[in-house]
Structures are given as structure tokens and as C-alpha cells.
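> Structure of the sequence below:
(one chain, ligands or ions: 4)
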Amino acid sequence: MPRSYKIKECFYTLQGEGAQSGRAAVFLRFTGCNLWSGREEDRHAAVCKFCDTDFIGTDGTNGGRYTQEQCVQLVQSQWPGGGQPYVVCTGGEPLLQLDAPLIEAMQEAGFEVAVETNGTQPVPEQIDWVCVSPKADAPLVVTGGDEMKLVYPQSEASAQPERFAALAFRHFFLQPKDEPGHNHTPAAVDYCLRHPQWRISLQTHKIMGIE
Ligand SMILES: C[S@@+](CC[C@H](N)C(=O)[O-])C[C@H]1O[C@@H](n2cnc3c(N)ncnc32)[C@H](O)[C@@H]1O
Ligand SMILES: Nc1nc2[nH]cc(C(=O)O)c2c(=O)[nH]1
Ligand code: SF4
Ligand SMILES: [Mg+2]
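Ligands and ions are numbered 1, 2, ... in the order given. Next up, the predicted model:
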């Protein structure tokens, strides 16, 4: 039996966040995370408490259990043609499942492959774009990449931006934490004004009302 990947959902939209914001992309969302079960009753005790995403199961749009070949076919089926095909692997924590053979198969199909990761798992080196979003109190093993996208604020001292500012990333973003009843954008703006190494990343898909 070939190995299978558990996919929550797969859809075509614009990347809403970070340096690639505005770019058309297929999102491949892997099921499961190592920092939260995904169940609301466990959120208060999770390592990562502010997650905005449902990553349980395989019941989303185009979700399912897929072989490597089926994953590539699914991703290809979402791309409209033209431009540089681009896939963003996210989750949950994609690097619990995404491996070098699947990355290479998507690249052979013409895709540039990006990953959104919490930085707790090693990154296969052939990936084209690495976005790391560290979480307070989770071990950070990925200390370089294309972009650091830190959700701000995280109250814990271990997630202050200063802790990450000297790491080997090309771009440094603060992304205001989306938290019901709070507006964290002014604090993130203020931090960026005082520390020009950092830029703001707004979740523009939420502003636009798209996936
Ligand atoms: C849902 S995560 C999946 C990928 C990976 N597990 C991670 O944390 O990077 C995708 C992105 O959304 C960010 N994110 C999650 N919840 C958020 C929230 N409430 N407000 C702002 N960004 C959030 C994460 O930090 C990460 O950059
Ligand atoms: N449009 C859009 N952009 C995104 N960038 C990162 C996302 C994610 O959930 O990983 C995301 C997402 O869910 N939608
Ligand atoms: S690490 Fe990522 S997917 Fe996991 S709970 Fe946190 S934000 Fe959500
Ligand atoms: Mg999202």
C-alpha cells in the first residue's frame, strides 16, 4: 500500500498573508497539528491557543485521504492555467505529513511549492518558499527561511519579536492576532513603527471576504 496523506481541504484563492500576499495559489490544508488537538474543549490547555483554523478530519472542500499521485492531481485540478502554478501547503501543521517525494512530485508538475509551518518540524530542503510562524513555548527548530510571520501579540516572553529578529529570514512580519472582541492591529502597527525591521502582515483574505 502506498502511503496516504490526510487532507482537510484544497481550494484555489489568493494568498492573503505575508510577502506573497495577493498571489493566486492553491491551498492544500493537511489534517492535524502537534500544538493543538483542534477541539474547542482543549484550546485552553493547548500549546497554541489562538488558532483560527479548522484542521480536523477530511471533511472540507476536496478533503480526503490521498496517495502522492492523487494529491498532485488534486492540486493540478485547482489551477486555472497560465502564470506560475503555486501551491501553499498549510494545516494544521503540514510538516507532520508533507515529505520530499510529494514536494518533488508537485514541482515536477510545474508548481512552486510553499509551506506555512509553526517551525517545530524540520523543513525538506527542496521546498521553494518557507514561512515560519513561531509559537510561544513550542520548540523552534527552523531558524531560517523566506519569511518569519509572527502572530502578535503573544503574551509570553518567549514569543516577543526580539527573540526572533536575528534569525536568518529574508522578511520579518508581525501579523495582528485575530481574536474575537479585540483589535490587535494598533499594537502591531506601533511595534513596526518602533522597529522598522518588521513589516505588518494583515490577513487580507478576511478583509476581502474570500477563503
Ligand atoms: C493556521 S496556521 C497553519 C500552519 C502552521 N500550523 C502555523 O501555525 O504556521 C497558518 C497561519 O495562520 C496564523 N494564524 C493562526 N491563527 C491566527 C490568528 N488567530 N490570528 C492571526 N494569525 C493566525 C498562523 O500563525 C500561521 O502563520
Ligand atoms: N487566503 C488565504 N491565505 C492564507 N494564508 C495562510 C493561510 C493559512 O490558513 O495557512 C491562508 C488562508 O487560509 N487563506
Ligand atoms: S500551530 Fe498552526 S495549525 Fe497548529 S494550532 Fe497553532 S496556528 Fe493552528
Ligand atoms: Mg488561514
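
> Tell me which stretches of this protein form helices.
Secondary structure of the chain, counting by DSSP state H: helices at 68-78, 100-108, 185-194, 204-208.

> can I assume residue 120 is in contact with residue 93?
Yes. Residue 120 is in contact with residue 93 according to CB atoms under 8 Å; the separation is 7.2 Å. C-beta here means a position set from N, CA and C on the backbone, and glycine is covered the same way.

> residues shared between the contacts of those two?
Common neighbours of residue 120 and residue 93 (criterion: CB atoms under 8 Å, 6 or more residues apart in numbering): 34-35.

> export the helices of the chain to CSV and tack on mean pLDDT and mean neighbour count?
Below are the helices of the chain laid out as CSV (pLDDT from 0 to 100; neighbours: other CB atoms under 10 Å):
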stretch, mean pLDDT, mean neighbour count
helix 68-78, 98, 17
helix 100-108, 98, 16
helix 185-194, 98, 14
helix 204-208, 98, 13
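
> now the ones you listed in a markdown table, with distance to ligand 1?
Listed next are the helices of the chain as a markdown table, based on distance: least, CB to the nearest ligand atom, whole Å:
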| stretch | distance to ligand 1 |
| --- | --- |
| helix 68-78 | 17 |
| helix 100-108 | 16 |
| helix 185-194 | 10 |
| helix 204-208 | 9 |
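
> nearest to residue 60, of those helices?
helix 68-78 (12.2 Å; CB to CB).

> Taking helix 100-108 as reference, get the angle to the closest one.
If you take axes from the mean of the first three to the mean of the last three CA atoms, to 10 degrees, helix 68-78 sits at 30 degrees to helix 100-108.

> coming back round to it: out of residue 120 and residue 93, which sits in the busier spot?
residue 93 (24 against 21; other CB atoms under 10 Å).
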